Structures are given as C-alpha cells and as structure tokens.
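>>> coords please:
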Amino acid sequence: MKLKLDRIISIATLLASVIAIVLVLKKPAPVGPPQTPAAIAANAQSFGQKMEQLEQSPQQAAMNNSETTYQASPAPPRQAVSASSSQSKPEVRINSAEISAALAQATGAAAGIGELTPDSSIGGSAPAIKDQQVSFEGDVVHGQFLTEIAGKDVWVTVSGHLASKDGFATFEPTEFKVGDLNVPVSLVNPSLQKKLAEQRDRLKLPDFVGDVKVENGELVVQKK
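Residues are numbered from 1 along each chain as shown. Here you go, the predicted structure:
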C-alpha cells in the first residue's frame with residue numbers, strides 16, 4: 001500500500017510540475033492592445049509634448065486638458081496642462097497608449113537602435129526586454145514584459161500602485177504572474193524592492209515633477 005501511495009504522490013508531483021511549466025510558458029491575456037509603428041510614434045510625441053508643456057507651465061496655470069491620443073487622423077495636439085482642483089498645481093494626464101509608446105521608444109533608444117525589436121536589450125546586466133505593454137485600471141498600473149528566462153521566452157505581468165516619495169517614483173505590487181501562473185506577492189516583493197533600491201537613480205523624477213499617481217485609468221503627473 002505504501003508503494004502505491006508513494007507512486008501516486010510521485011505522479012501527482014510530476015503532473016503538478018508539468019502544469020506549472022506549461023502555465024509559466026503560456027502567454028497570458030494581454031494587458032493592452034498592440035500599437036502600430038505610426039501609433040507608437042504619434043503617442044510618444046504626445047507624451048513628450050505633455051511633459052514639455054508641464055515643465056514650461058506657470059505654477060498657478062489653469063489650462064484646458066485635452067486628449068491627444070493617436071487616432072486614424074490625429075489632430076494637432078492642444079494644451080494638455082490643467083490645474084489640480086485640490087492643490088492648484090498644474091498637472092497632465094497620460095493614458096496607457098502614450099506611456100506604452102514612450103517606453104517602447106525609450107527602451108529601443110537604450111538598446112542603441114531605432115525601435116524595439118525581438119533582440120532588444122536594456123542593459124548589459126539587465127534581462128532582455130523583447131516586448132512590453134502597460135495599461136491603467138482605476139488606480140492600478142498593469143505592466144507586462146516579455147523576457148528570456150533559462151533560454152525560454154516568458155511573459156512577466158506585474159500590477160500595483162505607483163506613487164512618489166522624496167523625488168523618486170515608488171511601486172507597491174498587488175499582483176505578480178509568470179506566464180499564466182500567479183506568484184504570491186509576499187514572495188516577490190522583498191526581491192523587487194531590493195532591485196528597485198539598487199536602481200534608484202532610474203526612479204528619480206524630473207526636477208519639475210512633484211508627484212505621480214494613477215487615477216481614473218490615467219497616469220497623473222503633477223508639477224512641483
């Protein structure tokens with residue numbers, strides 16, 4: 001009886017391992033729609049214009065906020081800076097298409113190429129990022145990244161809350177997935193926070209930015 005029980009346990013363990021491997025390698029549901037090269041260029045430009053307008057805006061400016069997201073025939077962007085009703089500080093609202101496009105261009109530039117490709121790398125010791133998507137839902141940001149683990153392409157999905165402290169961006173995860181396999185945040189967060197601390201310089205906000213947060217499905221960047 002003991003032999004049969006041991007065999008059942010072995011088979012069950014093997015089956016669980018196979019399922020875990022399949023889930024890790026399985027592509028999860030995307031967190032956002034893909035963008036064409038033209039959309040990436042237009043949305044990245046919109047992101048840059050909004051940040052430039054925020055930097056140049058007076059402290060007490062109050063201008064009409066407008067969406068400049070790429071469409072089939074994008075209109076010339078208008079003023080994108082508005083004043084926060086609570087603190088009367090200028091702010092811009094950036095949607096997920098704009099931030100995804102800006103990240104795609106920034107990652108491509110860091111790799112020393114014109115745009116992101118399957119062979120892109122964001123640094124010598126950093127893992128290669130072959131693709132990424134970002135979306136906002138309520139006050140939560142969802143990030144999805146295709147990287148290589150043990151020679152296999154694996155999607156890593158992380159969700160959480162974005163904030164700022166002492167001039168640096170902070171991130172507190174609420175969900176973490178490798179492929180389609182959920183990983184307890186409590187197991188991941190200590191290593192994640194350690195890695196963020198090691199790369200703190202990359203999290204420094206521009207001097208003119210006072211606060212960042214996700215609100216109503218948009219990234220809100222407030223002037224200092």
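
>>> Helices of this protein, start to end?
Along the chain, the segments classed as helices by DSSP state H run 2-25, 37-56, 96-110, 185-198.

>>> Check which residues of the third one are buried.
Neighbour-count burial for helix 96-110, with 16 or more other C-beta atoms under 10 Å as criterion, is recorded at 96-105, 107-108. The C-beta positions use only the backbone N, C-alpha and C, and glycine is treated the same way.

>>> for it, packing partners?
helix 37-56, strand 129-137 (3 or more C-beta pairs under 8 Å, 6 or more residues apart in numbering; DSSP states H and E).

>>> Give me the angle between it and strand 129-137.
Put simply, helix 96-110 runs at 160 degrees to strand 129-137, going by axes from the mean of the first three to the mean of the last three C-alpha atoms, to 10 degrees.

>>> So what angle separates the directions of helix 96-110 and helix 37-56?
100 degrees.

>>> how about the CA coordinates for helix 96-110, as CSV?
What follows is helix 96-110, C-alpha atoms only, in CSV (Å, rounded to 0.1, in the frame of the first residue of the first chain):
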residue,chain,number,x,y,z
SER,A,96,-1.7,53.9,-21.3
ALA,A,97,-1.2,54.2,-25.1
GLU,A,98,1.0,57.3,-24.6
ILE,A,99,3.1,55.8,-21.8
SER,A,100,3.5,52.4,-23.6
ALA,A,101,4.7,54.2,-26.8
ALA,A,102,7.2,56.3,-24.7
LEU,A,103,8.5,53.2,-23.0
ALA,A,104,8.8,51.4,-26.4
GLN,A,105,10.9,54.3,-27.8
ALA,A,106,12.9,54.7,-24.7
THR,A,107,13.8,51.0,-24.5
GLY,A,108,14.7,51.0,-28.2
ALA,A,109,17.0,54.0,-27.7
ALA,A,110,18.6,52.4,-24.6
